[in-house]
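Student: predicted model, plus sequence, below.
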Amino acid sequence: MTFTAIDFETATAFHPCSVGIVTVENGIVVDEFVTLIKPPNNLYSSFTIQVHGIYPSDTVRAKNFLQVFPEIQKRLQNRVVVAHNESFDRNVLAKSMAYYGLDYTDLNIASRWECTVKIYKAKGLKPTKLSDCCRAMNIQLNHHEALSDARACARLYLMQ
């Protein structure tokens, strides 16, 4: 199995404050990438801070999405992309790219990604939050830490 798993944590709406990416080649993890991302005006909602524990003070000196995008692009371009609740992460990527004037189609990836929520729901697992799937499949998880979430998603996809 060859694919890339991705997870975004967001500051507000679709503006990411962190991304974790795990690259898998022939069933083996060959690359991991994680970084904080400074959202526009370094603005956060109190709700998202409660979810992931990332604060404006953590990203005040971080690169913005446009500056981080080359690292994201080289890991996603022409790849099968997997996410847990793929519509959320796909929308974060597509809307962030549009915000900075980047063309999503240049990535040459599917309009819908592989989704571990849908895969495990089809297997009869309920509920299918990432933490529930990981508990059921005995996968270690530090939930809402982007790299840990991407690693867990990759493991879930490999175990399907």
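Tutor: Sure, I can see it. Numbers count the residues shown, from 1 in each chain.
Student: so where's the protein shaky on pLDDT?
Tutor: Counting by pLDDT under 70, the chain shows no low-confidence range.
Student: so what's the residue of the chain most remote from its centre up against?
Tutor: Here the chain reaches farthest from its C-alpha mean at Gly124, the gap being 23.8 Å by Cα atoms, centre = their mean. If you count contacts by Cβ atoms under 8 Å, 6 or more residues apart in numbering, Gly124 has none. Bear in mind the C-beta positions are built from the backbone N, C-alpha and C, glycine included.
Student: gap between it and Ala136?
Tutor: Counting by Cβ to Cβ, to the nearest Å, the separation of Gly124 from Ala136 is 10 Å.
Student: now Asn78
Tutor: With distances taken as Cβ to Cβ, Asn78 is found 32 Å from Ala136.
Student: try Val92
Tutor: Note on Val92: its distance to Ala136, by Cβ to Cβ, is 26 Å.
Student: ok, Arg61 next?
Tutor: Taking Cβ to Cβ, one finds Arg61 at 39 Å from Ala136.
Student: same deal with Leu125?
Tutor: For Leu125, the distance to Ala136 equals 6 Å [Cβ to Cβ].
Student: and Lys38, by the same measure?
Tutor: Separation of Lys38 from Ala136 (Cβ to Cβ) stands at 36 Å.
Student: who has more neighbours out of the two?
Tutor: More neighbours surround Lys38 than the other of Lys38 and Ala136, with 22 against 15 (other Cβ atoms under 10 Å).
Student: what's near enough to touch the most centrally placed residue in the chain?
Tutor: The centroid of the chain falls nearest to Asp7 when counting by Cα atoms, centre = their mean (1.3 Å). Contact partners of Asp7, counting by Cβ under 8 Å, 6+ apart, are 19-20, 83-84, 89, 146-147, 149-150, 153.
Student: looking at these, which one is closest to Ser46?
Tutor: Distance to Ser46, by Cβ to Cβ, is smallest for Ala146 among these, at 19.6 Å.
Student: kind regards, and thank you for your time.
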